[in-house]
Structures are given as structure tokens and as C-alpha cells.
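1. turn this into a model:
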Amino acid sequence: MDRSPGLRLFGDLQYRYVSYQAWGVNDNFVSEEVGMQPIDVDKTYHFFNPRAGISYTLAERNNFYFSFAVAQKEPTRDDFTNLHMFAEASTYPSSEKLYDWELGYQYTAPRLSLGVNFYYMKYKDQLVPTGRINDGYDALNDNVPDSYRRGVELSASWRATGWFTVGANATFSQNRIENYTHRVVDYGLTGDVAGYYGYHTVEMGTTRLSYSPKTIAALFLDFHHKGFEAVFHTQYVSKQYFTNYESPNMMLDAYCADQPNLACTFRTARRSVRLGLMVNNLFNTSTRATATDGRKPMKARRPITLSTSPRLR
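-> Residues are numbered from 1 along each chain as shown. Next comes the predicted model:
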């Protein structure tokens with residue numbers, strides 16, 4: 001990266017063309033009256049995604065920046081085929097649009113680097129998991145008209161010696177749906193959603209986005225000496241909800257997982273062999289597999305990976 005002092009402007013423009021065409025019968029059962037779900041999709045998207053920003057480098061080691069970007073994304077195939085489970089048959093899922101503002105600072109020195117980044121991401125028609133699943137246990141997404149994600153990202157890395165480095169990063173955020181309307185299936189009504197059952201709506205106000213923890217933090221210790229390498233990585237993720245209406249019975253508990261990586265390289269005049277060992281979830285942290293009430297916590301698996309990489313010179 002060029003660290004010469006001064007003011008710099010940057011920008012780019014992306015164009016994306018996406019076309020969906022599908023017809024026939026899907027393997028989702030709708031109702032006794034309809035039978036299997038018919039598919040008739042013919043949708044075209046034209047996306048212009050601009051990005052622009054400004055940065056200022058002071059005394060080589062200090063960099064300040066601000067940027068603004070627009071990003072748009074089309075629904076997936078599953079978003080089209082699963083829509084029959086909670087929306088009228090004549091509707092399509094909408095593409096989502098993101099307005100992203102970021103403001104940050106970076107300090108870079110030979111042995112120390114620091115960073116802070118503030119962001120505000122405003123969404124229009126964001127496709128978010130609803131907490132429901134289809135017949136194949138795939139998560140169902142639905143458009144929410146207005147939502148946002150905002151927070152701060154922190155990072156630091158310090159090379160204490162030539163053979164030892166310690167680093168950390170963390171994200172603290174708010175992730176919200178504005179004026180969320182929760183749709184509840186009413187088995188006493190008939191309609192075009194959830195099979196042939198109707199639904200009623202509940203106005204929830206501002207709620208937390210599903211699968212959006214407030215805090216994510218990580219720490220790593222990196223030790224290198226001659227042919228030996230040892231890296232210890234630990235990550236913390238705070239509680240998050242499985243749905244968008246913050247039910248304590250639909251919550252994934254916070255967890256902390258540790259992952260050590262060990263490796264040793266043996267060298268001769270003409271070849272080298274690298275042996276590696278990686279252990280995921282070293283302390284076998286107990287986690288809840290799904291956000292349903294009445295379930296006992298399940299212990300996460302602790303896979304161990306051995307690797308070897310011979311090389312000839």
C-alpha cells in the first residue's frame with residue numbers, strides 16, 4: 001500500500017446483469033388443492049453499484065479515510081421457490097439494496113498496527129432469515145422494508161519479537177429491523193400462505209435482526225521459531241436470535257471456541273516435509289445446536305486434522 005503523505009480520492013462503478021428463468025413443478029408440497037408447487041419465474045435485474053471515497057495519509061504511519069458505496073443483490077433461487085410458504089403466489093421476492101457509509105483510521109508501524117472503522121449500513125428490502133424452514137430444512141428468507149447495521153470494528157497487531165506476534169479484533173454492532181411486522185400462521189383461517197392456512201400480523205416495532213450478534217471478538221497468538229510454528233486462535237460470539245422478534249426461546253447462546261494450529265517443517269538439502277496438526281474447538285465448548293426451547297445443549301464436535309506437505313527443491 002502506498003503510504004506517501006497526501007490526500008487521495010478513489011472510486012469505481014460496477015454493473016451487474018442477472019436473469020432468472022424457471023418453470024415447471026418444484027418438490028414443495030403446497031396443499032391438497034394445489035398439490036406440488038408450480039414454478040413460473042421470469043425476472044431480470046440491472047444493478048449499478050458505485051463506490052467513492054477519500055483518504056488522507058499523515059506522516060506515513062497515519063491514514064484516515066471515508067467512503068460511501070451502494071450494493072445491490074438479487075434473491076437466490078431458494079428465495080423464489082420458498083416464497084409460497086409465507087407470501088401470496090403472485091408475488092416475487094425483491095432484490096435488496098444497501099447504502100454503506102464507513103469512516104476509519106489506521107496506524108501502521110514496523111512492529112505495531114492499529115485500526116478503527118465505524119460503519120452504518122442502511123438496507124432497503126433486505127432478505128433476512130425468518131426462523132422458519134422448508135420441507136428440506138433450509139432456512140426461509142423474507143424481505144423487510146427497512147433495516148440497518150451499524151457499529152465499530154477494532155483491530156490491533158503487535159510483533160513483540162521476531163518470533164512472536166499477538167493480535168486481536170472485535171466488532172460491536174447494532175443490527176435492527178425498523179417497524180417489523182411479524183406474520184403468524186392462523187390455522188383457523190384459509191388463504192394463500194403457509195399451505196392453505198391464513199395468517200395474522202403483529203406489529204413488533206424495532207427488533208433485532210436474526211443471526212446478528214452484538215459482539216464478535218477474536219484473539220490470536222503466533223509463534224514462529226526456525227521450522228516450528230504454533231498459532232492459537234480464540235473467538236467469542238455473543239448471543240443471537242434465530243428469529244426477528246427476540247424470543248428468549250429462539251436464541252443461540254453466546255460461545256467461545258479455541259483453535260490451536262501446530263506445524264513443523266523438516267528440511268534436507270533437496271526436500272522438505274511439513275507436518276501439521278489443527279484442533280477445532282479445543283475445550284469442546286457446549287453450544288445449542290438450534291434455537292428451539294426445550295432442547296438440551298449439545299457439545300460441539302472437536303475434529304482433529306493432521307496434514308503433511310512434502311516438497312522437492
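2. would you map the helices across the stretch 51-200 of the chain?
-> Defined through DSSP state H, counting those that start in this stretch, the helices belonging to the stretch 51-200 of the chain, from first to last, are 77-81.
3. centre of the chain versus the helix or strand encompassing residue 8, how much separation?
-> Counting by DSSP states H and E, the element that carries residue 8 is strand 6-31. When distances are taken as CA atoms, centre = their mean, to the nearest Å, strand 6-31 is centred 17 Å away from the chain's centroid.
4. strand partners (parallel or antiparallel) of that strand?
-> Paired strands of strand 6-31, with direction, are strand 35-58 (antiparallel) (DSSP bridges).
5. give the buried residues for the partner strand.
-> 37, 47, 49, 53, 55, 57 (16 or more other CB atoms under 10 Å). No exception for glycine: its C-beta is placed from N, CA and C like everyone else's.
6. any idea what the third one is bridged to?
-> Pointing back at residue 49 there. Listed beta-bridge partners, residue 49: residue 14 (assigned using DSSP bridges).
7. and the gap between it and residue 306?
-> Here the distance between residue 49 and residue 306 works out to 43 Å (CB to CB, to the nearest Å).
8. how about low-confidence regions in the stretch 51-200 of the chain?
-> Low-confidence segments of the stretch 51-200 of the chain (pLDDT under 70): 83-90, 134-136, 184-199.
9. for it, which segments are assigned as strands?
-> Here the stretch 51-200 of the chain has its strands, by DSSP state E, counting those that start in this stretch, at 62-73, 96-108, 112-133, 139-161, 164-193, 197-208.
10. residue 26 is nearest to which of those strands?
-> Across those, the minimum distance to residue 26, taken as CB to CB, is reached by strand 139-161, at 13.9 Å.
11. per-residue pLDDT, residue 250?
-> Per-residue confidence at residue 250 stands at 84 (pLDDT).
12. count the residues that sit near it.
-> The burial metric for residue 250, expressed as a neighbour count using other CB atoms under 10 Å, is 17.
13. what does residue 271 give?
-> The number of residues packed around residue 271, counting by other CB under 10 Å, is 11.
14. for the one 3 residues further on, same thing?
-> For residue 274, the number of neighbouring residues by other CB under 10 Å comes to 16.
15. which other helices and strands does the helix or strand harbouring it contact?
-> Using DSSP H and E, residue 274 sits in strand 271-279. The elements that strand 271-279 packs onto, with contact taken as 3 or more CB pairs under 8 Å, 6 or more residues apart in numbering; DSSP states H and E, are strand 255-267, strand 304-312.
16. worst average pLDDT in these?
-> Per-stretch averages of pLDDT across the helices and strands packed on strand 271-279 put strand 304-312 at the bottom, with a mean of 66.
17. starting at the chain centroid, how far to the strand holding residue 274?
-> Centroid separation between strand 271-279 and its chain, computed with CA atoms, centre = their mean, is 31 Å.
18. could you pull out the buried residues of that strand?
-> The neighbour-count criterion (16+ other CB under 10 Å) identifies 274, 278 as the buried residues of strand 271-279.
19. adjacent strands (with direction) for that strand?
-> Here strand 271-279 is paired, per DSSP bridges, with strand 255-267 (antiparallel), strand 304-312 (antiparallel).
20. could you list everything the closest residue to residue 157 other than its chain neighbours pairs with in the sheet?
-> The shortest distance from residue 157 to any residue other than its chain neighbours is 3.9 Å, reached at residue 167 (CB to CB, 6 or more residues apart in numbering). Bridge pairing for residue 167 (DSSP bridges) gives the partners residue 157, residue 220.
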